[in-house]
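In: Need a 3D model of the sequence below.
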Amino acid sequence: MKSHQYSLSLFAFALLSVSFIKIEVFTSLSAQPSQVHLSLASEKKHDSTVPVIVTWCSDKFSGEQYVRYGLTPEVKKVRKAVMAELSDKLVLNAVLKNLRPGARYYYKCGSDIGSWSPVYSFNSEPDTGSFRVAVIGDTQNATNNAGFSKTRMIADVVRTYSPSFTLHMGDIVEDGSIPANWSGFLSVTEELNATSPLMPVLGNHDVENKTGDEFQKPFIDFKSLFNLPGDEVNYSFTYGNARFIGIFSGCAQAAEKTDQVQYNPESPEYTWLDKELTKAENDKRISWTVLWMHYPVKSFGWSNVSRWRENILPLLEKHRVDICLAGHRHVYERHYQIKDGIPVKNETGSEFLATNGTIFITNGTAGGNPTGSGGRDLNSMAFTPDESMYSFAIMDVETNSITFSVFDQDNNLIDRFSINK
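Out: Okay, the predicted model is just below:
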C-alpha cells in the first residue's frame, strides 16, 4: 500500500513538473514582441523609395520570426527577420524594400509559434517634395522624467502630427551603460517609433564618459537595438528632395580638456562629412541640406564648446548647410542665419532666404530637466522663450520652402519660421 501511494505521489509530482514546464515554455513563446521601432536605410536607388527597417525585441526561443506587411491591414507579404542575441533577449529586424511611393503600409512582427505585435502602419517616402519631420531630443530619464513620463507625454503629442520620420538630437537616455534605460525609452515611445522611423544621434549621456580607451564609445545596447545607416554613429540619408546628415559630437566638454573633440580637421569623420556635404551640394535632386547633432555649434552658456564650434562651423559655411539642429542645452534657441561668421538679421524675424546662410537651432528638451533661459543679448540670438519648458518641433519640407514650428509640452505654438529658395 505504501509502495502504491509512493508511486502515485511520484506520478503526481512528475505531472505537476511537466505542467509547470509547459506553462513556462508557453509564457515564453507567447510573449508579445516589444520595443517595436522603425528606421530608414540609406541604400536608396535612384528610382526607389527609402527602405524601412522594422526592429523589435523578443524572448529567446528557437522559432523564426517575420514581418508581415502590405497595403491593407491583412498584411499578406512576408519578410523573414534577422536575429541577434542581446543579454536575455533577441533583437530582430527586417528590411522592407521597393515600397510604393507615398503609400500607407501596414505591418506586424513576430510569429505564429510565439506571438504577433499589434498591426502598425507607416507612410512610405512620397514621390513629391512634401513631407513632415518631427524633431525631439534630450529624452533622458532624469529626476523629473522618471520612467520617461515627460517623454511619453511629448511623444503622444508628436504622434498626432503623423511625421514621416523623427530626428532625435541625442541624450536618448540618462545613463547609456544601464540596459533598462534603453528598453524603457523604446517601450515608452513605441507608439510613435512604430509609425514614424526614429533617426537618432548619440549624446554625451548615451556613451562612455570616463576617460580611457573606451571614452566616447557607444554602449552595446545602442549598437544592438538600433539599425541605422552607415556606422550608425555618423550617417546620412536622402528623403524626398533633402539630404539629412547626423553627426556624433561625443562628450565635447570633457573631450576639449584632453584634446579629443570629434571632427578634428585631420580626422576620418571630418573628411567623411566634407565629402557628404559636397555630394549633397552637387546633387541637382537635393534642394535642402539638414545637419543634426547633440552639442550645438551656436548656443548660450556652458553648452557652447569653442573647440567643437571651430571644428564644425567652417564646413557648414563652406557647403551652405540650410539648417543645423542640436540639443544638449535644455532650452529652445533660434539663432539668426550665419554667413561668413556674421549673423544675418532681417526685419520680420520669421522669413528667411536660404542663400543668406545657415540657421542654428537648439531644440530644447523632451524629457531632461528644463534649464533656465538666457542669452538674449547674444549677437546671434533671434529667439528664445522667457520661461523654461519641455518642447519639440515639426518641420514641414516643401519643394521650395521649409517651415519650422516649435511647440511646448501642451502643444502651444512657441516659435515658427520659414526658409525659402
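In: Restricting to C-alpha, output the helix or strand containing residue 186 in CSV.
Out: Assigned by DSSP states H and E, residue 186 belongs to helix 179-188. Listed next in CSV are the C-alpha coordinates belonging to helix 179-188 (Å, rounded to 0.1, in the frame of the first residue of the first chain):
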residue,chain,number,x,y,z
PRO,A,179,20.3,48.3,-20.4
ALA,A,180,17.0,49.0,-18.7
ASN,A,181,17.2,52.7,-19.7
TRP,A,182,17.3,51.8,-23.4
SER,A,183,14.4,49.3,-23.2
GLY,A,184,12.5,51.8,-21.1
PHE,A,185,12.8,54.5,-23.7
LEU,A,186,11.9,52.2,-26.6
SER,A,187,8.9,50.8,-24.7
VAL,A,188,7.5,54.2,-23.7
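In: Give me the next element, helix or strand, following that helix.
Out: helix 190-193.
In: shouldn't residue 220 be in contact with residue 85?
Out: No: the criterion here is CB atoms under 8 Å, and residue 220 misses it with residue 85 at 11.2 Å. (C-beta placed from N, C-alpha, C; glycine too.)
In: quick one, which of these two is more surrounded?
Out: Taking other CB atoms under 10 Å, residue 220 and residue 85 do not tie; residue 220 has more neighbours (14 against 10).
In: Ramachandran coordinates for the closest residue to residue 230 other than its chain neighbours?
Out: Spatially, and ignoring its direct neighbours in sequence, residue 230 is nearest to residue 42 (6.5 Å; CB to CB, 6 or more residues apart in numbering). Phi and psi for residue 42, reported as degrees, to the nearest 10, are phi -110, psi -10.
In: Surely residue 289 and residue 319 touch.
Out: Yes: using CB under 8 Å, residue 289 is in contact with residue 319, at 7.1 Å.
In: any residues in contact with both of the two?
Out: 277, 280, 281 (CB atoms under 8 Å, 6 or more residues apart in numbering).
In: Same question for stretch 300-308: list its buried residues.
Out: Within stretch 300-308, the residues that count as buried by 16 or more other CB atoms under 10 Å are 300, 303, 304, 305, 307, 308.
In: Relative to residue 237, how far out is the last one?
Out: By that I understand residue 308. Counting by CB to CB, to the nearest Å, the separation of residue 308 from residue 237 is 23 Å.
In: Quick test: name the residue nearest the centre of the protein.
Out: residue 200 (2.7 Å; CA atoms, centre = their mean).
In: Give me the number of neighbouring residues for residue 41.
Out: Around residue 41 there are 17 residues (other CB under 10 Å).
In: Enumerate every residue touching it.
Out: Going by CB under 8 Å, 6+ apart, the list of residues near residue 41 reads 50, 51, 52, 53, 95, 229, 237.
In: chain center to the helix holding residue 186: distance?
Out: 13 Å (CA atoms, centre = their mean, to the nearest Å).
In: Ok, stretch 238-256 next?
Out: Distance, stretch centre to chain centre, for stretch 238-256: 12 Å (CA atoms, centre = their mean).
In: I'd say residue 274 and residue 314 touch.
Out: No: contact criterion CB under 8 Å: residue 274 and residue 314 do not qualify, at 9.7 Å.
In: Need the residues touching each of these two.
Out: By CB under 8 Å, 6+ apart, no residue touches both residue 274 and residue 314.
In: Parallel or antiparallel, list what pairs with the helix or strand where residue 406 lies.
Out: Using DSSP H and E, residue 406 falls within strand 401-408. Here strand 401-408 is paired, per DSSP bridges, with strand 391-397 (antiparallel), strand 413-420 (antiparallel).
In: right, and those strands - which one's nearest residue 350?
Out: Proximity to residue 350, assessed across those by CB to CB, is greatest for strand 413-420 (4.6 Å).
In: Could you give me the buried positions within that closest one?
Out: Neighbour-count burial for strand 413-420 flags 414, 415, 417, 419 (criterion: 16+ other CB under 10 Å).
In: Generate JSON lines for these, with distance to residue 179 as supplementary columns.
Out: Below are the buried residues of strand 413-420 laid out as JSON lines (distance: CB to CB, whole Å):
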{"residue": "414", "distance to residue 179": "35"}
{"residue": "415", "distance to residue 179": "37"}
{"residue": "417", "distance to residue 179": "40"}
{"residue": "419", "distance to residue 179": "40"}
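In: Widest-spaced pair of those?
Out: Going by CB to CB, the pair spanning the buried residues of strand 413-420 furthest: 414 and 419, at 17.9 Å.
In: re the thing from before, any chance of the strands paired with strand 401-408 in a markdown table, plus distance to residue 185 and mean pLDDT?
Out: As requested, those are exported to a markdown table (distance: least, CB to CB, whole Å; pLDDT from 0 to 100):
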| stretch | distance to residue 185 | mean pLDDT |
| --- | --- | --- |
| strand 391-397 | 15 | 98 |
| strand 413-420 | 24 | 96 |
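In: The ones you listed into TSV, with extra columns for distance to residue 403?
Out: Output for those, formatted as TSV (distance: least, CB to CB, whole Å):
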stretch	distance to residue 403
strand 391-397	4
strand 413-420	5
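In: Nearest to residue 129, out of those strands?
Out: Closest approach to residue 129 among the strands paired with strand 401-408 (CB to CB): strand 391-397, 7.1 Å.
In: Can you point out the buried residues in that closest one?
Out: 391, 392, 393, 394, 395, 396, 397.
In: Repeat that for stretch 338-348.
Out: 338, 343, 344.
In: what's the closest of those to residue 363?
Out: Nearest to residue 363 among the buried residues of stretch 338-348, with distances taken as CB to CB, is residue 338, at 17.3 Å.
In: Output stretch 340-356 as PDB, nothing but the C-alphas.
Out: Output of stretch 340-356 as PDB, limited to C-alpha atoms (Å, rounded to 0.1, in the frame of the first residue of the first chain):
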ATOM      1  CA  ASP A 340      30.900  84.100 -43.300                       C
ATOM      2  CA  GLY A 341      30.800  84.100 -39.500                       C
ATOM      3  CA  ILE A 342      28.400  87.100 -39.300                       C
ATOM      4  CA  PRO A 343      24.700  87.000 -38.200                       C
ATOM      5  CA  VAL A 344      22.300  88.000 -41.000                       C
ATOM      6  CA  LYS A 345      19.400  89.800 -39.400                       C
ATOM      7  CA  ASN A 346      16.100  90.700 -41.100                       C
ATOM      8  CA  GLU A 347      13.200  92.800 -40.100                       C
ATOM      9  CA  THR A 348      10.400  90.200 -39.900                       C
ATOM     10  CA  GLY A 349      12.500  87.600 -37.900                       C
ATOM     11  CA  SER A 350      10.400  84.800 -39.400                       C
ATOM     12  CA  GLU A 351      11.000  84.700 -43.100                       C
ATOM     13  CA  PHE A 352      14.500  83.800 -44.400                       C
ATOM     14  CA  LEU A 353      16.200  83.300 -47.700                       C
ATOM     15  CA  ALA A 354      18.300  80.100 -47.800                       C
ATOM     16  CA  THR A 355      21.100  81.900 -49.600                       C
ATOM     17  CA  ASN A 356      21.700  84.100 -46.600                       C
END
